[in-house]
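Q: fold the following, please.
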Amino acid sequence: MVDALLPVVTLVLGFVASFLLELFRNRWTTRSGQDVRDAERRQAAHLERVAYEREGLRAVHAAMHDLLGRVNAIALPQAKAEAAGMDWRESEAGQELRAAAMHANVRCSHESALLLHPPLIEAVGRLTTAAYPMYWTRESGSDPSHRRDFFEANQVASRAIAARLRELYGETEG
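A: Numbers count the residues shown, from 1 in each chain. As a prediction, this is how the structure comes out:
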């Protein structure tokens, strides 16, 4: 009887072991596949975020460049008006230059509001704050403290953009 029962028990144990191994293999395969899909989703989300931030940084950089150009465009009419003892803002060209600088400053603020990096937002905020006296006051760019604040803020914001780009692409300073 043992001789007849032993092959049946072996067959049943083999079947159960095979069933359990297949069950564990399916679970492992499913979990492994899920891990791969999760990693792919994380990678895609990271690439989308990098692309979004890169476009935002590009837009802020262009807005900063425009602001710098608009503020620098005020220098010549301001110097001519100052030499004549007049207020550059009261001339027709002065009003246009002032409006253009104001528009560029607002655009710079708007573009920075779309950024995701707080230190960069603060740096651009400092730039837009420093830009205000450059086109709003009579002295504008002739006041050394206004000029220094504005150009330092521009440098800080430019460096913040460069640092964030290095972070996005995984480069470290060294």
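
Q: contacts for the helix or strand hosting residue 145, please.
A: Assigned by DSSP states H and E, residue 145 belongs to helix 144-168. Here helix 144-168 makes contact (Cβ atoms under 8 Å, 6 or more residues apart in numbering) with 50, 53-54, 57, 60-61, 64, 68, 71, 117, 119-120, 123-124, 126-127, 129-131, 133-134, 137, 139-141, 172-173. Just so you know, the C-beta spots here come from the backbone N, C-alpha and C atoms, and that holds for glycine as well.

Q: ok, now stretch 67-85?
A: 87-88, 91, 93-94, 97-98, 100-101, 103-105, 107-108, 127-128, 131, 134-135, 140-142, 150, 154.

Q: low-scoring stretches of this structure, by residue?
A: Along the chain, the parts satisfying pLDDT under 70 run over 1-2, 140-141, 172-174.

Q: if we use 50, what do you get?
A: Low-confidence segments of the chain, defined by pLDDT under 50, span residues 174.

Q: sketch out the helices for it, chain order is fine.
A: Here the chain has its helices, by DSSP state H, at 2-73, 75-83, 92-113, 118-136, 144-168.
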